[in-house]
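In: One predicted model, sequence on top.
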Amino acid sequence: MNFRTYFHVALIFFVFVSIATVLCRTTFQVSEYNKCPPQDSKFLTLVARSVEQCVEECMRRKSCEVVGYNRLLQLCKLHARTLSPAFVENNYILIRRGDIRGPECNCPEWSVCNAENGTCVIKECLPLPPLHNGTVYGNTNHFGATKLVDCTTGFFEISNANLKPIKCSLSGNWSFITHCQECPVPGEVFKFPLSTSHEGFQIYTEKKTQQSASDMCTAQSANLIRIKSWWQIQYIRSISTTCIDTTDTEKIKFWTDGKEDNDGNWTYSNGENVPLDEIFWNKNGAVGTCLRLMYKLHGIQCDSKMHFICERD
């Protein structure tokens, strides 16, 4: 055997041993055939993975409790702990954590062990807390993953009135946490979740001029709502688009407190300035001197009639 032949044989042997070593780091046995873990526990989907690679990915994550693997599509699904039962699904195998043997990950839950240097890295967001009175669509938690929220009829989504999807950011945090709140009954006092300095608000669907609406609020020891924070606009917008028939645009227009004086300054009746940041205001120019809210603030003619919102300080 000449040197070149010996070298080739040694190289092939080295590659074979290296591959065998990698594959033998983790061993497993199939827990159930033709069974798939429940969808509500899935947090990561990987494509074009062998079953060995899929099991390795599970072992790198302390949060992984069950592997669901589609042998036909080479589709790897990692699942967290759940009380929901597995269901019958052809071409799937189910492998529980207890049936896997290999190096354990010492990283905190919802972080991933780096196989090369043993460090812990964040690659997924934590599962969202359970959503009551609504449904979350989307069951992956990797960076860039998105979820949509659909509240049950009679409830509105209070964290994202623009109806944008929830997104998993590179920091390992969701763009926002949401929940569904019951729609307020017109005339009934309700509170916004982030409000700490107000007793409550009341939406009135009868139409009045701004002055008549203000007089009605005053008679109830209240005042027309004063928009001071962006979250107020978000909640009112969410209520308008979810709890009110939006086919009639008049139903989502509300009088607020606030007028423009002769010097062009917008102030509330208590002397405070109306916020003028772009996020509060409609880009189109004002057509009147009284303040109205329809998605954003806008100046219109004071003798217009529309719904209004009273605020109890």
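Out: Perfect, I can see it now. Numbers count the residues shown, from 1 in each chain.
In: can we go C-alpha only for contacts and neighbour counts from here?
Out: OK.
In: Quick check: phi and psi at Trp231.
Out: Geometry field for Trp231 lists phi and psi as phi -60, psi -30, criterion degrees, to the nearest 10.
In: From Asp150, how far off is it?
Out: Distance check for Trp231 against Asp150: by CA to CA, to the nearest Å, it reads 19 Å.
In: Check whether Asn141 really touches Ile122, as I assumed.
Out: No: with contacts defined as CA atoms under 8 Å, Asn141 does not count as touching Ile122, sitting 11.2 Å away.
In: More neighbours: which of those two?
Out: Looking at Asn141 and Ile122 with other CA atoms under 10 Å, you find the greater number of neighbours at Asn141, namely 26 against 17.
In: Flag the shaky bits of this structure, pLDDT-wise.
Out: Counting by pLDDT under 70, the chain shows low-confidence ranges at 1-25, 159-163, 192-199, 245-251, 283.
In: Contact partners for the one residue sitting closest to the centre of it?
Out: Nearest to the centroid of the C-alpha atoms of the chain, with distances taken as CA atoms, centre = their mean, sits Ile166, at 3.0 Å. By CA atoms under 8 Å, 6 or more residues apart in numbering, Ile166 lies in contact with 146-148, 174-177.
In: What of Phe308?
Out: Phe308 makes contact with 203-208, 213, 224, 253-256 under the criterion CA under 8 Å, 6+ apart.
In: 6 Å instead, please
Out: Counting by CA atoms under 6 Å, 6 or more residues apart in numbering, Phe308 makes contact with 204, 254-255.
In: who wins for neighbours among those?
Out: Highest count within the contacts of Phe308 by other CA under 10 Å belongs to Trp255, 32 neighbours.
In: Can you give me the distance of that residue to Gly172?
Out: Trp255 sits 41 Å away from Gly172, taking CA to CA as the criterion.
In: likewise Asn262?
Out: 51 Å.
In: Which one's more surrounded, the two?
Out: Of the pair Asn262 and Gly172, Gly172 is the one with more neighbours under other CA under 10 Å, namely 19 against 8.
In: ok, and the closest non-adjacent residue to the more buried one?
Out: Cys125 (4.5 Å; CA to CA, 6 or more residues apart in numbering).
In: before we move on, what about Lys35?
Out: Excluding its sequence neighbours, the residue lying closest to Lys35 (CA to CA, 6+ apart) is Val88, at 4.6 Å.
In: The one you found reaches Pro37, doesn't it?
Out: No: under the criterion of CA atoms under 6 Å, Val88 is not in contact with Pro37, lying 9.0 Å apart.
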